[in-house]
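**Q** Predicted model and sequence follow; I will ask about them next.
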Amino acid sequence: MMMRSNLVPRHESNRRRAAVAVLTAITLVVLLSFASLAVDLGFVRAVCGDMQHTADAGALAGASALMQSDGEDIDSANDRAVDVIERMLKSQGVDALDDQIIEVGTWDFNSREFTAASETTKKSFAVRVVGVRNKTPLFFAAIMGKYSTDVTREAVALASGPCGGIWGLEGVRAGSINTDSYDSTAGSYSVDTAGENGDICSGRDITTGGSFNIHGDVMPGFGFGLTVNGSSGEITGYTTSHRGGLPSVPVDLEDAKYTNDNGSIALTAQGKSPYRSPGHMALQSGDNLTLAGGTYYFESIRLTGGATLTVAGPTTIYVAGAVDCTGGGIVNQTQSPHDLTIKSAGPTFRLGGGSAFYGTLLAPSADVVLGANANFYGMVIGRILELKGDTTIHVDESLPDYESIGAPMPSLVK
């Protein structure tokens, strides 16, 4: 009987060897590709981490310079960012400073967008750094024809300058509003010499429902926003949330309650008592009461029917309760905001529109309402500040500062 041979023909063996060689080659390519992916990806991730740290540090350094200069020294911010970036790149063994992008501008919390400063930007508190490392070499990927890659990482840091002048500590609601500033010690207000410090500030939201023309900053509280529901307008200053603490506005009534000039108060122009009950002033029907310069204390104030309260010299008025002057007005004869300060601990303070008020109004516990068409010269602080239609406020820069305080160090927002 003949035995069948198990030997494979030579030509069939050669084909198998060729197939194995091809499979081996393909396998090696796949393995090298995975090696490339693992090694080069790890390396690139490390480079990305270095570049992110560099961008973060540069942005924070630049923003700290802006905080110190109240948002005005752009050159100092750029120089400080460059210095930090240069030192960090050298520590990483890289000398490619020319590739880095450094910009100074503003940050919008609502849209989370950075806008580079222009010639019309008054103040800048945001710094954007784009860390770039071009042609970062790759290792195993070179086998696949990929020899290098570009790495970029971005950071935006935000600082904050002080805000002051017009405060709604727990919110501002405005109709049509116009603001600017002046220095009363240098002369009367003039639109030709008006300044850019008509800031509107809050520890919470700021909402406007009409047109606005703000020659100054508009700064809601950190984490809150500016909402414009009306027609467009102009804001010449900074529009990002301030990052400092609220101003300290103490209203201590104790001394004024027992030591004051109330004893010098005479009858009104119509020969009437100015009180409806002890301590509660009430003027009506076109009547007027004139106060000589001094310190006065009232439980409440109410003006109706076109009545007026006139101060004839440097005067400080303390009020424990509500103030309602919507039907009358407070007249400062000197027209110097330094000559009238009202400190209120009450829950509400209402001023009528259509007349000019010159002075400082400090009512940190009150809902303060300024009537439509009001013209206010000086400074105002309320708990909630409501500005009716077509209110105009001219902040007096020479009054004592009640600005945001204790601004923290800059932080990264992107």
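**A** On my side now, so go ahead. It should be emphasised that the depicted structure is a prediction, and the values quoted were computed from it without experimental measurement. Residues are numbered from 1 along each chain as shown.
**Q** A helix includes residue 80, no?
**A** Yes - the assignment for residue 80 by DSSP: H, G, I helix; E, B strand; the rest coil puts it in a helix.
**Q** so what pLDDT did it get?
**A** Note on residue 80: pLDDT of 92.
**Q** What separation do you get for it and residue 369?
**A** Separation of residue 80 from residue 369 (C-beta to C-beta, to the nearest Å) stands at 45 Å. In short, each C-beta sits where N, CA and C put it, glycine included.
**Q** what's the helix or strand for the residue nearest in space to the middle of the chain?
**A** The residue lying closest to the centre of the chain (C-alpha atoms, centre = their mean) is residue 241, at 2.4 Å. For residue 241, there is no enclosing helix or strand under DSSP states H and E.
**Q** Could you pull up the residues touching it?
**A** 109, 160, 219-225 (C-beta atoms under 8 Å, 6 or more residues apart in numbering).
**Q** how about CSV for those residues, with secondary structure and distance to residue 169 added?
**A** CSV is the format used below for the contacts of residue 241 (DSSP: H, G, I helix; E, B strand; the rest coil; distance: C-beta to C-beta, whole Å):
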residue, secondary structure, distance to residue 169
109, coil, 19
160, coil, 17
219, strand, 12
220, coil, 12
221, coil, 9
222, coil, 14
223, coil, 15
224, coil, 12
225, coil, 16
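**Q** nearest to residue 58, of those residues?
**A** For the contacts of residue 241, the closest approach to residue 58 (C-beta to C-beta) belongs to residue 160, at 18.8 Å.
**Q** Quick one, grab the pLDDT at the residue nearest to the centre of the chain.
**A** Looking at residue 241, its pLDDT reads 81.
**Q** Without its sequence neighbours, what residue ends up closest to it?
**A** Take residue 241 and drop its neighbours on the chain: the residue closest to it by C-beta to C-beta, 6 or more residues apart in numbering is residue 222, 4.7 Å away.
**Q** same question, residue 286
**A** Closest to residue 286 by C-beta to C-beta, 6+ apart is residue 306, at 4.7 Å.
**Q** what's the answer for residue 236, then?
**A** residue 215 (5.1 Å).
**Q** what about the residue nearest to residue 286, is that helix, strand or coil?
**A** Residue 306 ends up coil, using three-state DSSP.
**Q** residue contacts, it?
**A** Applying C-beta under 8 Å, 6+ apart, we find residue 306 in contact with 285-286, 327-328.
**Q** repeat for residue 210
**A** Neighbouring residues of residue 210 by C-beta under 8 Å, 6+ apart: 174-177, 230-231, 389-390.
**Q** how many neighbours does residue 78 have?
**A** 17 (other C-beta atoms under 10 Å).
**Q** so what strands line up beside the top strand by length along the chain?
**A** Across the chain, the longest stretch assigned as strand under DSSP state E is strand 356-370. When sheet partners are counted by DSSP bridges, strand 356-370 sits next to strand 340-344 (parallel), strand 348-351 (parallel), strand 375-387 (parallel).
**Q** Buried residues of that strand, list them for me.
**A** For strand 356-370, a neighbour-count test (16 or more other C-beta atoms under 10 Å) marks 356-364, 366-370 as buried.
**Q** For the stretch 151-300 of the chain, just list every one of the helices.
**A** 254-258 (DSSP state H, counting those that start in this stretch).
**Q** one step back: the contacts of residue 241: which two are farthest apart?
**A** 160 and 225 (14.8 Å).
**Q** Same drill for the two, tell me which one is more crowded.
**A** residue 160 (26 against 16).
**Q** roughly how far apart are the more buried one and residue 125?
**A** Distance from residue 160 to residue 125, by C-beta to C-beta: 6 Å.
**Q** End to end on stretch 184-192, go ahead and measure it.
**A** Stretch 184-192 has its terminal residues 14 Å apart, counting by C-alpha to C-alpha, to the nearest Å.
**Q** which outside residues touch it?
**A** 180, 182, 335-338, 377, 394, 396, 398-399.
**Q** Same question for that stretch: list its buried residues.
**A** So, applying 16+ other C-beta under 10 Å, buried residues of stretch 184-192: 184, 189.
**Q** Give the bridge partners for residue 129, please.
**A** residue 102, residue 155.
**Q** Please tell me how far it sits from residue 115.
**A** Relative to residue 115, residue 129 is positioned 15 Å away (C-beta to C-beta).
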